[in-house]
Every structure is written in C-alpha cells, then in structure tokens.
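*Asks:* Could you look at this predicted model? Sequence included:
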Amino acid sequence: MFDEEKVKEIAKERRRWEKTTLPNWVKQCPERQKEFRNHSGMIIKGVYTPEDIEEMDYMRDLGFPGEYPFTRGLHATMYRGRLWTMRMFAGYGTAEDTNKRFKYLLSEGETGLSTAFDYPTIMGYDSDHPMARGEVGVCGVAVSSLKDMETLFDGIPLDKVTTSMTINGPAPILLAMYVAVGDKQNVPREKLGGTTQNDNLKEFFAQKLCIFPPKPSLKLSTDVIEYCARHLPRWNPISISGYHIREAGATALQELAFTLYDGITYVESTLERGLKVDEFAHRLSFFFASHNDFFEEIAKFRAARRLWAKIMKERFHAKNPRSMWMRMHVQTSGCTLTAQQPLNNIVRTTIQALAAVLGGTQSLHTNSFDEALCLPTEESVRVALRTQQIIAYESGVTNTVDPLAGSYYVEALTNEMEEKAMEYIQKIDDMGGAIEAIEKGFFQREIAESAYRYQRELEEKKRIIVGVNEYTVEEEECPIKLLRVDPKIEKEQVERLQKLKRERDNRKVRAVLEKLHYAAEKDENLMPTIIEAVKAYATLGEITEVLRKVYGEYKELIII
Amino acid sequence: MRGERKIRVLIAKPGLDSHDRGAKVVARALRDAGMEVIYTGLRQTPEQIVETALQEDVDVIGLSILSGAHKALFPRIMELLKEKGLTDIMVFAGGIIPEEDMPELKKLGIKEIFGPGTPTEKIIQFVLENVPKRK
Amino acid sequence: MEEERKPLAKVEEIARGVLAGDRRSIAKAITIIESNAPEAKKLISLIYPHTGKAHVIGLTGPGGSGKSTLIEKMVREYRRRGKTVGIVAIDPTSPFTGGAFLGDRIRMQELSTDEGVFIRSMATRNYAGGIAKATKDAVKILDAAGKDMVIVETVGAGQSEVEIIKVAHTIVVVHAPGLGDEIQAIKAGLMEIADIFVVNKADRENADKAVIDIQAMLQLGDRETAWKTPILKTTAITGDGVPQLVEKIEEHRIFLEKGLGFKRSLGKAEAELVDVIKEIVANSIIEELKREGIFEEVLREIVERKIDPASAAQKLLNKKFGKTH
C-alpha cells in the first residue's frame, strides 16, 4: 500500500524521533503508565506510522465496500444508502405488557422488534412450573403457549416488521409459534422475517442457559438452520453470539475467536445434513458486544468481517458472495454499566454505540442507563434509542463508508486481531473442535482467567471505572425511577395456563407429543412436528419435557 | 497449623439466573484468601441451598442473583434456614438488587448486600470480620 | 440476630445424634474431626463401636474422567436398591493460599435433598495425621450414622491420593479415553491396589483401546490375589454400565467377606493403629525435646551438615531414653 522506499525513510525518522524528541518529552512528562494494553492484552504503541502496516495491500486486505473481503463493509453504500436497524431488546411481564412496549417503540421510530423472554421460558419451563417460582415475567416476557405468542404480536403485522427472538434451547418452539401466528395472520411463510438466536454452543461456556447436553443441543440448532434454509427464506435461523462470551469475562480477542469458531461448527453441522454451503450460509448472522475500548472494538468488528469472509471462501468454498457476508447485530456492553452514578452510563453507551457504527454493524441495541439496577423504564429506553438517532442524524459519521480505514492504528489493530484469532481457531481445530473443547473445559478456563484478571486489574486500579474505583461519590441519591414487575403476573399466568389446558383438545396434544418423542428418537428434523404441537396448544414446558426425556439434561462443568 | 478451623463459605445461585461471572470471581477470591468455598453451580432451589449448607456445616452463605427474583427466593431461603436451626450462619448477598429492596432483606436476616462494582477485597474483609465465632 | 454461634453441643449429644442418623449432628461431627478439636478423640471413641457396617468404596481417577457424573449415577442406582449413601468428596487445598474450591458436589446437587444421601466436601488441608486420617474419621462417622455405602472420591493425582483411597474396602479407578494423559499416567500405586477399573465415556471411539491398554498393564503387574481385577465400561451421562458396576462392587464385597476380607481388615487396623501410635509418640517426644531446648540446636546442626538426620534422631533418643534404642 505504501512505497517501500518511503516506508524505509519513515522507519529511519522514527528511530531518530525515538532517540531525540520522544525522550526529551518523556523526561518532562512521563507517560501515565509503564505500558498501555487493550483488553485483549495487545500492546498499544504511542504512535503508529505506515511502517506498522507496510505489508498491507489495499485490494487484498481492504477492498471496496460490498466486495470481498468486505473489511470496509458489506454493502457498497453502507449507511449512505440505509442506516443500521435500531433494534431495542424488550420484554417483561405478560405478553400484553410487552405488546404495549413493542407498539411504543415502533411509534418512537424503532425499526425492528427484539424480544426478551423470562427465565422460565428460556429454560423450557411453563409459568406454573415449580422452578418458575418468583421468576415469571421478571426479566423478560413469559410465553408458555401459542396463546401468549398471539397476544404478544396482537395488532402487529408480521409482514411489516422483522422480529428478533433471544431464545436458544427452546428456539425451535418459539419459532414454531411465530410461524403459527404468521399463518393465522395469513402472512405467507416466505415473507416472515426475523432472527432466532438459537446459538446453543455458547451456552455451555458463556450464557449458561443450557437445557440439553452439547451434541443434542447442536442438533436442535442445526434443525432450525436446515428448516429455514428450506422453508423460511427470509428468516435468520441463528445469531452466532459473542456478546455473552464477552459479558462472561472474555477479552475482545476471545470473543472474536470463539464466536467465529462456533460459526465454523454450525456451518459444518449443517453441511452434514446434505445442504450446500450457498444454500444457507447467507442467512447466518452474528451478534457481538461493543465494549469500552473504542478502537479495539472497531478493529474487532472489521477483523471479524474479513476473517469470516476468508473462512467461508477458503475453508468452506462458498461461491456466492452473500455466503461470505458477516451480518452483525451489536449490543453495547451490559457489564460495563455501573450502578454508581448511573447517568454516566449514557456516555458509555454513546461511545460504545459509536464504535459499533464505525465498525459497520447492520443492527444495534443500546443499553439504557438504569440497567445496572433494573429493567429499563420507558423514559430510559427512549434515551437509549435517541442515542442511536443522534449518531445517525447529527454526528455526520454516516456520510461516508468506513471512515477509519487507512488509520495506521486501526489497520494495525485489525490485522493483529485477525492474526491472533486465527491462532485460537487453529488451536481449537487441533483440539478436535468445539464440542471437544467444551467438554475439556477449554473455553470455560480461558474466560474464567480473563474475568479474574479483569477484576484484579480493577482492584489494583490498573484499570479505572469512573464512579466505581475512582471519582466515586459517597452518599448517592438514586434519582431514577426503577421498573418493577408486578408479582400478580405470576398468578395470572398460572391461571391463564390452567384455563388453556382445560379448553384445548388434550387428546390431540397427547398424540402430537408422542409423535414428537418418536421423531426425536429417530433423529429427524423436529421443526414440522413442533409446529404441529404448538398449533394444538401444547405448552412450551410440555414440548421441552419430551425432549428432556430423549436427550437428557446438561450438568455443567465448573471452572473458576 | 495442624487441623485448624477454616472458614467454610457456600456460594449459591438461587433460581434460574445463569449469570455466574460474579459468583465465580468471588468464589475464587475467597479461596485465595484462605477459605474453603463450596459452590453449588447454577439453578439451585432454596431447599437445595439450605440442605447443602447443613451438610457442609458452613459458616457463611453468599447468595448471588441478578434476575430480580430475590424478592421471592430470599425469604424462602431464610425461612428454611430458620426451620432447620441454621440461624447461626451468616448470610450475605450480591448481584442486581435495588437499594430500595435492601432494608426488607436485611430484616429477614441477610447481613449485607453487595452491589455491582464491589471490590472483592471488601467482601473478603466483610466475611473475615463477620464470620460467626465458634466456641 | 445473635452475633456468635450457639455453643457447640456437648460431644455426647453429637455422638448420639450421629448414631440416630441426624444430619445436623453428622455435619457437626465431621467439622469436629476436621478441626482436630480436643473433642475429636472423644467423639471417635464414642462412635467407633458402631462402625464396620458400611461398605466403603474409594473412587479415583484423573480430572475429566467423569467421576462425579459416574458417582451421581451410582448413587441413584444404590437408592433404587434401597441403600443409603454417604459421600466424601475431596479436593486439594491450595498450597499458596491455604484455601480450597470444593466443586465436586455440583454434579450431585440434585441428590442433596434426598434424605438417604449425605454429601460432604473436604479439602486436603494440612491435617494432623494427614488427609487420609481425616477421611478415615469422616468415613467412620458416616458409617456409624447408618449409611450402607460410603463413597470417597478424590482426584487420583498424587501419592497422598493413593493413601486416601486405601481407606476403602473396594477401590475403583476411573479413566476415560482421549484425556491426553495416557494410561501410564495412572500412578503405579493405583495400579496395584485397584479392585475395579472403569473406562468411562465408553461411547467414544478409543474406549476399547483404553481397555486393552489397562489389561496390558495389569498383566505386567505383580498381583497375586484371588480377585481378578475386572475392567468395566460405562457411559456415565446415560447411565450405561452403571448397574453392572454396582453389581461388581457388590461381588467384591462378598469376596472380601469370605475370608480374605478379614485378613485385609486386620491389615488395615494394624496400619491405622501404628499410624496413630507413631503420631502420638512422635508428637510427645518432640514436644518434650523442644521444652528442654535441645530440638532447635540439633536442627541447626543438621542444616549446617554437622550431623545427618538419622544420627541426630538417634542422639536425641539416646539422650532421652538412654542407650537402649
């Protein structure tokens, strides 16, 4: 990218500068730290020059947006053509409550829906299960049956919105319910658009919401991918997630490497079903966090795009450029929010959102400032949405594509991210793949170490969190209203369920559950049978119970 | 020191909340401070937690919860501890617990509640200073 | 809320509770022997006559072999057969911090509310008499409390783990294929004392090879016993092979009872008695020597290479008892 001779000259000048100008300055004003490192442990230099990226070739490593290797962006015009989707995660209480919040967000300018489910639903329990006690509707919406799903999307036309559902183990069931609602609204299935997270691999070492053991969990994820490839062409069957890996304590580099590896595993398992890579790969999507170190995050997003494109082309021989696209959704990091001086979180979220935009994301969720304390109120979630809108319309960063390309620092960091991520990928390959690595506790150990190291850095004040270990305020007043979920909800849900079970055709339900049991044992793709089951108003818990019987339950491997 | 008493701490995750980063970091910190830490893993019922505390004869229980379900689960746990005659165990909690809920929880017998961002050093000090003395 | 714990009930009361199977008493009793409290000796003396009924199983193997999952399934099988079970799960104490992370019971947590199961986690600490002694005492307590089976679980890594496992009547060594460390890593000590070998995760490809490897090593060994050490295959996650393992353990118990058992018990009793005597005698002599101010001086001489340890010991004992030793 640079003239060899000129770079040599710059290198020479640099050495001179390091011997003369720099030491003089440092003598008067020593650097604040002995060395500067980002979260991934990479050393950050004081100054970057073309020398740091002299090996780069513009067409090979960057290219033009919309073309391989897509480093600069998936689309030729990016935000000049269309802004990212502002998709705010929402869900709490009953389906009715969340339906109201959905409509509120849509009216305030949100462009896509994103659903949070409560813990019992996520773990495959109905609201009346003993394990659901105290948790119904508390950190997401409770959905135990198709009836709840119908209420959730009442008055929302499924051919006009796209919906993301953050659900993993029971993903087939929730997707089946969504399809059933679409059927009822007479929306042709080819028009249904949205995403199911459906990334069971990361559950084993990050989010920990695993129901079944690794192998059957991978099978269920793949069932959904396969079904969508054949029947729901607009649906993104999976959101391969790094967010939770990051929140569990991983570094940016680990987030990148482990997520990509999960992606590799899902591609491999779908290929085993006999599909060709170009038949499904274009619908794989990704989900990352955006954390505090501004440039580290931007480098991570760009490296992710380039590396995935390379993997799809070279490892999996994809031919269709769309198969090589890494479409990503980003959420600003939850674990960086502080309970102390919560208004500061608005600033953090802004920086993180900006990094995601400069990193070229397709879709973005911004956290609300009160989320270290509670679920967000209407007011606080509006501020979070406005943050995105201000970046989009007022900051000017959307007026050109990939503005940071060519920055010596950003490109050097992007290259380093890619290189080190490849090392991890090789390592896991050598170990025998993701499932082997999970069973050996590899990911868990890496993450536990990073989490502990981070905590130590905070306590030794090697890393500053404003308001927490520095610039603290003694007696803080809590200026914000907290959202409280009414405990009455649990009671109402239970009654609703009982009513449902009385009024439905129980013989039909029993028959379809038996059918499901058989299909699971025969290792068939379970989606069609699950759709049948939800239409008969079998509950989420009943369906999950059948699968639990066939696959067993997962017991976690503890590594601290 | 031959056969001396060690402080035994049970770190528990009640309910369905699966965020264990904090619990594990605290468990490790307490271990590094010389305590014996029993960790129950995720998704424990109040009954399992109390029974474990009994069998392991712990001095301290640390409850970690971020899902908001503390209002339902903590009273049940404290009730069971009373039933089994385990009121001499010191109980503390951590996670996402709004300040306005704390007085009620303290009335139940939970000695202290640590919010997000609490340094582990503070928790270690607290345990060392408040662990019940055995005669 | 009281600031201090209620005073420990009298030792007799706790002993009575143990014999009645009261869980709180069992827990407190184990704590007493763990902390080597002065009441410990009294406690053991009270319960000892009621021991000897439980079948003690030692289960060990490298990390990743699936031991805890296997134990969980074994316990369920025992419960199905109407047996009560006590489990002592041992984890290492960090030599640097003195603390320990006791995570074995996680795999067995569902069993914690089963009335017929008692699980206790112990750290290796720095016990008077070593962890083996503490384990023995914990086993005695569970035995006296009426548990039919007592399972002792350790990670078979070091020599002390081999010592712990000798507590048991039946020693089960668990391995799993493809753990990275080869079968050779099964410490030689374990190879000799194992009564049953288990290759877990038998659904994996190299399971059969692992069985063959163990067979080969057994043949190389020098054991001349009437008991032919079997190698079983299990898949702990599904429970396959577990009933057979339980059967085999039962077979071994019958074998022991038929005569060889008593000889073994005598051997065990002797070993334990000698250990205790050694400990008591050594402690009291050293105490005296320290009080008389001789001990430190001799230590210094040893470090300065003026005298070797064996001669130093002889010198000290001669000083104490005259030239009779």
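*Replies:* Cool, the structure landed.
*Asks:* Low-confidence ranges, the chain, go.
*Replies:* Picking chain A for this. Within chain A, the stretches with pLDDT under 70 are A:110-111, A:475-483.
*Asks:* not what I meant, chain B
*Replies:* For chain B, the ranges with pLDDT under 70 are B:1-4, B:134-135.
*Asks:* burial of B:A53, as a residue count?
*Replies:* 27 (other C-beta atoms under 10 Å in any protein chain shown). To be clear about C-beta, it is placed using only N, CA and C from the backbone, and glycine gets the same treatment.
*Asks:* residues contacting it?
*Replies:* When contacts are counted by C-beta atoms under 8 Å, 6 or more residues apart in numbering or on different chains, B:A53 is found next to B:L10, B:I61, B:L81, B:L86, B:I89.
*Asks:* By neighbour count, which of those wins?
*Replies:* For the contacts of B:A53, the largest number of neighbours (other C-beta under 10 Å) sits with B:L10, at 27 neighbours.
*Asks:* and it, which of the three is it?
*Replies:* Here B:L10 is recorded as strand under DSSP: H, G, I helix; E, B strand; the rest coil.
*Asks:* next one: A:M56
*Replies:* Secondary structure, three-state DSSP: A:M56 is coil.
*Asks:* My read is that it contacts A:P50, right?
*Replies:* No: A:M56 is beyond contact range of A:P50, at 9.1 Å (criterion: C-beta atoms under 8 Å).
*Asks:* shared neighbours of those two, which are they?
*Replies:* Counting by C-beta under 8 Å, 6+ apart, the residues touching both A:M56 and A:P50 are A:M1.
*Asks:* what about chain C, any weak spots by pLDDT?
*Replies:* In chain C, residues with pLDDT under 70: C:1-9, C:127-129, C:156-160, C:179-189, C:221-224, C:259-263, C:323-325.
*Asks:* Kindly tell me how buried A:W325 is, as a neighbour count.
*Replies:* Neighbour count for A:W325, taken as other C-beta under 10 Å: 25.
*Asks:* Ramachandran angles for C:R120?
*Replies:* The phi/psi pair for C:R120 (degrees, to the nearest 10) reads phi -130, psi 130.
*Asks:* Equivalent analysis for A:L364, please.
*Replies:* Per degrees, to the nearest 10, the backbone of A:L364 is at phi -140, psi 140.
*Asks:* now do C:I302
*Replies:* phi -60, psi -50.
*Asks:* Can you tell me the element the residue nearest the centre of chain C falls in?
*Replies:* Among the residues of chain C, the one closest to the centroid is C:I164, at 3.4 Å (C-alpha atoms, centre = their mean). Using DSSP states H and E, the element containing C:I164 is helix C:159-165.
*Asks:* Any part of the helix or strand just after that helix near chain A?
*Replies:* With elements assigned by DSSP H and E, the helix or strand that comes after helix C:159-165 is strand C:170-175. No: figure legend: strand C:170-175 not in contact with chain A (C-beta under 8 Å from any C-beta of the partner chain); closest approach 15.2 Å.
*Asks:* mind checking the longest helix of chain A?
*Replies:* Longest helix in chain A, counting residues (DSSP state H): helix A:408-431.
*Asks:* C:V152 is in contact with the residue nearest to the centre of chain C, correct?
*Replies:* Yes: in this structure C:I164 lies within contact range of C:V152 using C-beta under 8 Å: 6.6 Å.
*Asks:* overlap in contacts of the two?
*Replies:* Both C:I164 and C:V152 are contacted by C:G58, C:I90, C:T135, under the criterion C-beta under 8 Å, 6+ apart.
*Asks:* so of those residues, which ones are in strands?
*Replies:* Secondary structure defined by DSSP state E assigns C:G58, C:I90 of the shared contacts of C:I164 and C:V152 to strands.
*Asks:* Most neighbours out of the shared contacts of C:I164 and C:V152, which is it?
*Replies:* Counting by other C-beta under 10 Å, top hit in these: C:G58 with 29 neighbours.
*Asks:* among the shared contacts of C:I164 and C:V152, which are in reach of chain B?
*Replies:* Answer for the shared contacts of C:I164 and C:V152 near chain B: none qualify (C-beta under 8 Å from any C-beta).
*Asks:* Could you tell me which of the contacts of B:A53 are located in helices?
*Replies:* Among these, the ones falling in helices (DSSP H) are B:L81.
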